[in-house]
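Colleague: Quick one, structure for this:
(one chain, ligands or ions: 3)
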Amino acid sequence: MAPSSDTMKIQVGEISALNGTLILPCFEGCEKPPSKTMNEADRVTRSLIKKILASDDFSGKSEENMSVFGGGNKVILVGLGKKDNITTKIARDTGAKTLAKLSKNHGKDLTIRFSSEWKLNMMAAFVEGMILRDYKYDKYISKKDDDNDDSPFNLHIQCSPRHVDNLKNMCEESYNIATGVHLARDLGNSPPNDLYPMAYANIAKDWAKGKKNVSVTVIDWEGILENKMGGLENVGKGSSRKPCMVIFEMNKPSGKGNPPVIVGKGITFDTGGISLKPGASMDEMKYDMHGSATVFGLMQALHACGHSKHIVGISCMAENMPGSNAYRPGDVIPTYSGKTIEILNTDAEGRNVLADGLWKSGEFNPKFIVDLATLTGACVVALGHEASGLWSNNDELREKIRAMGAEVDELAWPMPLLPAFEKEMTGSKIADVRNLGTTRWGGSNTAAAFLKQFVPNMSDDKDAEQYPWAHLDIAGTAWGASTNATVAHGATGIHVRTLYHLLKNE
Ligand code: BES
Ligand code: ZN
Ligand code: ZN
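Modeller: Ligands and ions are numbered 1, 2, ... in the order given. Okay, here's the model as predicted:
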């Protein structure tokens, strides 16, 4: 899938030529332009900036942003608040907001000058924010003839000589990771008439072409029936667009591997099925495949960054439609694991397809399993759009994901995987597991407890332990997060960065 718009070009160097608009990130209390930051600016511009910084008109408080036109150069002063209070989140968000506020008049050439006070990781976060925010989804909008503003930004990043090499590497990595974030957003934003299960599979196959260390295997409708993947079969059979499982494998070793396996919910549209959803905002259910969008985006990010370790991604793709062939409340369905599910609500479909994906992951001798799913409205009730819910059967894995999410500002909030929830979900009188809790309380916890029933064991021993597994409910963070500064609207590409950094460190 080609990116929806041409992507930005980035150069990193010492303070030298001034190209286009000068962007000056300033800390609070900055009374004059820091050394060298006005190099090559004309006399009028210098004196304007000097006057503004000496006055109270601009004091460098966070959220302050002033465009100065009038001299020979265009300048944007950007406030970051107190130097001692800066965090990577503040730097990243400010970079993103700076890019978002640019008007046509600022042009596409931007020189960003960091004074010598700036620390390396803060500069890198500021640039990362700009890169992440440089995204729009406009492929379905007819272009007007006079619309020639689609050229990419040219970023000229300038900093003190001692930081140039490191900053260059960090910007390059951010840029490469962002190709994955933007791909995940493209997939998430795609309309469901065009992005159906086999369309995702075909995009994945095309993506893998010519990439030597990547393979994509598609288990199609026939394969699903042969393999008795009853979760995928039953959720997907009400649609004329049949379900599939898409397996990405990168850097497969010749011997037995031990890869992390990332599993994504990929419901390309969730009507609720026979348990039909209300009409209001049903269009938003095109984002119900964002788990699978993150899996794909992650593969892209890892590939672009030259990741050399073994990794597997599994996307469970289906369209949940009502119809004469749809599964029903009351049905008891088999799954790939052999366990049966009593269907009490066809709108609790994500867990049914993930049951097959989680079980499949056991075939790869996984180091650990992480699944991502826009699984429950209850998770949005609990955490809003601010954090994904995080459940795990392993304290170490849970803490690693939580800490990495916090570091990259994709919050993952620990939630309880209590035995009582498991008891509730395994209490069906006629099947092994029920797909609905007995009450509506704790809906995201009972969903997680359901998933745990399909996490494979590390061996066939009777009392073998389960593989380490974590579940991320991204129903609130995958889209519509108005406080997420790195995205204007729509799909967010959530957790591509969390998982990229997690896997890089493995
Ligand atoms: N895809 C939805 C969950 C969802 C809701 C995602 C809102 C994003 C925003 C999921 O398949 C669903 O419908 N879940 C039900 C579960 C219920 C029937 C137990 C829900 O949350 O209402
Ligand atoms: Zn649903
Ligand atoms: Zn759903």
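Colleague: Using the record's assignment, carve this protein into domains.
Modeller: As assigned by automatic domain parsing, the chain contains the domains 9-137+150-177, 190-504.
Colleague: Any buried residues in the longest helix anywhere in the chain, and which?
Modeller: In the chain, taking DSSP state H as the definition, the longest helix is helix 164-189. Neighbour counts using 16 or more other Cβ atoms under 10 Å place 167-168, 170-171, 173-189 of helix 164-189 among the buried residues. C-beta coordinates here come from the backbone N, C-alpha and C atoms, glycine included.
Colleague: low pLDDT regions in this structure?
Modeller: For the chain, the stretches with pLDDT under 70 are 2-5, 145-148.
Colleague: and it, which residues reach ligand 2?
Modeller: 270, 347, 349 (Cβ under 5 Å from the ion).
Colleague: give me the residue from the stretch 251-400 of the chain nearest ligand 3.
Modeller: Residue of the stretch 251-400 of the chain nearest ligand 3, by Cβ to the ion: Asp270 (3.8 Å).
Colleague: Show me the strands in the stretch 151-300 of the chain, by range?
Modeller: Shown for the stretch 151-300 of the chain, the strands assigned by DSSP state E, counting those that start in this stretch span residues 154-158, 214-219, 244-250, 261-270.
Colleague: Please work out which residues outside the third one touch it.
Modeller: Going back to what we said before, that points to strand 244-250. The contact list for strand 244-250, computed with Cβ atoms under 8 Å, 6 or more residues apart in numbering, reads 197-198, 200-201, 204, 208, 213-221, 223-224, 229, 232, 259, 266, 292, 295-296, 299, 302-303, 307, 310-318, 356-357, 360.
Colleague: Paired strands for that strand, with orientation please.
Modeller: According to DSSP bridges, strand 244-250 has the following sheet partners: strand 214-219 (antiparallel), strand 311-320 (antiparallel).
Colleague: Not counting the shortest one itself, show me its contacts.
Modeller: Contacts of strand 214-219 with the rest of the structure, by Cβ under 8 Å, 6+ apart, involve 198, 201, 204-205, 207-208, 227, 229, 244-250, 252, 299, 303.
Colleague: can we see that at 10 Å?
Modeller: Residues from elsewhere that reach strand 214-219 (Cβ atoms under 10 Å, 6 or more residues apart in numbering): 197-198, 200-209, 223, 226-227, 229, 232, 243-252, 296, 299-300, 302-303, 311, 313-317, 356, 360.
Colleague: Nearest residue to Asp220 in space, please, no chain neighbours.
Modeller: Spatial nearest neighbour of Asp220, chain neighbours left out: Cys244 (5.1 Å); criterion: Cβ to Cβ, 6 or more residues apart in numbering.
Colleague: bridging residues for the one you found?
Modeller: Met317.
Colleague: Run a quick neighbour tally on it.
Modeller: Cys244 is flanked by 26 other residues according to other Cβ atoms under 10 Å.
Colleague: That one and Lys228, how far apart?
Modeller: Cys244 sits at a distance of 15 Å from Lys228 (criterion: Cβ to Cβ, to the nearest Å).
Colleague: Show me what residue of the stretch 251-400 of the chain gets nearest to ligand 2.
Modeller: Of all residues in the stretch 251-400 of the chain, Asp347 sits closest to ligand 2, at 3.8 Å by Cβ to the ion.
Colleague: show me the contacts for Glu226.
Modeller: Glu226 makes contacts with 219-220, as judged by Cβ under 10 Å, 6+ apart.
Colleague: Next one: it from Asn202, what distance?
Modeller: Separation of Glu226 from Asn202 (Cβ to Cβ) stands at 20 Å.
Colleague: Likewise for Glu173?
Modeller: Using Cβ to Cβ, Glu173 is found at 29 Å from Asn202.
Colleague: before we move on, back to that, of the strands paired with strand 244-250, flag the one that's most buried.
Modeller: Most buried of the strands paired with strand 244-250 by mean neighbour count (mean count of other Cβ atoms under 10 Å) is strand 311-320; its value is a mean of 29.
Colleague: Is ligand 3 within reach of it?
Modeller: No: using Cβ under 5 Å from the ion, strand 311-320 stays clear of ligand 3, coming no nearer than 6.5 Å.
Colleague: Reformat the strands of the stretch 151-300 of the chain as TSV; add distance to ligand 1.
Modeller: Shown next, in TSV, are the strands of the stretch 151-300 of the chain (distance: least, Cβ to the nearest ligand atom, whole Å):
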stretch	distance to ligand 1
strand 154-158	35
strand 214-219	22
strand 244-250	18
strand 261-270	5
